[in-house]
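Colleague: what's the 3D shape of this:
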Amino acid sequence: MKMWVRPLVGAFLLFIGVVWSLQGSGAVDNSEVMSGKSQWLFIGLVVAIVGVTLLVGGIRKLRADRR
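Modeller: The predicted structure follows:
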């Protein structure tokens, strides 16, 4: 079960990063604290990049372990 942790965490971080980026850019108006503030756009982008890295790395590891 441990082999699924990295891709799951990566997918979660990717989702959160995209939501934060959309809120920071003003595309989503759900939060008075985050909406339209560029710092959340950049934080979201960084979190999304980390998420993609973990997701892709985890999937590659899963595929390599199957061989």
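
Colleague: CA atoms for contacts and neighbours, from now on please.
Modeller: Noted.

Colleague: what about residue 11, neighbour count?
Modeller: 20 (other C-alpha atoms under 10 Å).

Colleague: That one contacts residue 49, doesn't it?
Modeller: No: the pair residue 11 / residue 49 is not scored as a contact, 10.7 Å apart, by C-alpha atoms under 8 Å.

Colleague: for this protein, which spans come out with low pLDDT?
Modeller: For the chain, applying pLDDT under 70 flags the ranges 1, 31.

Colleague: gap between the longest helix anywhere in it and the chain center?
Modeller: Counting by DSSP state H, the longest helix found in the chain is helix 38-66. Centroid separation for helix 38-66 versus its chain: 6 Å, with C-alpha atoms, centre = their mean, to the nearest Å.

Colleague: Ok, stretch 26-40 next?
Modeller: Taking mean C-alpha positions (C-alpha atoms, centre = their mean), stretch 26-40 and its chain are 17 Å apart.
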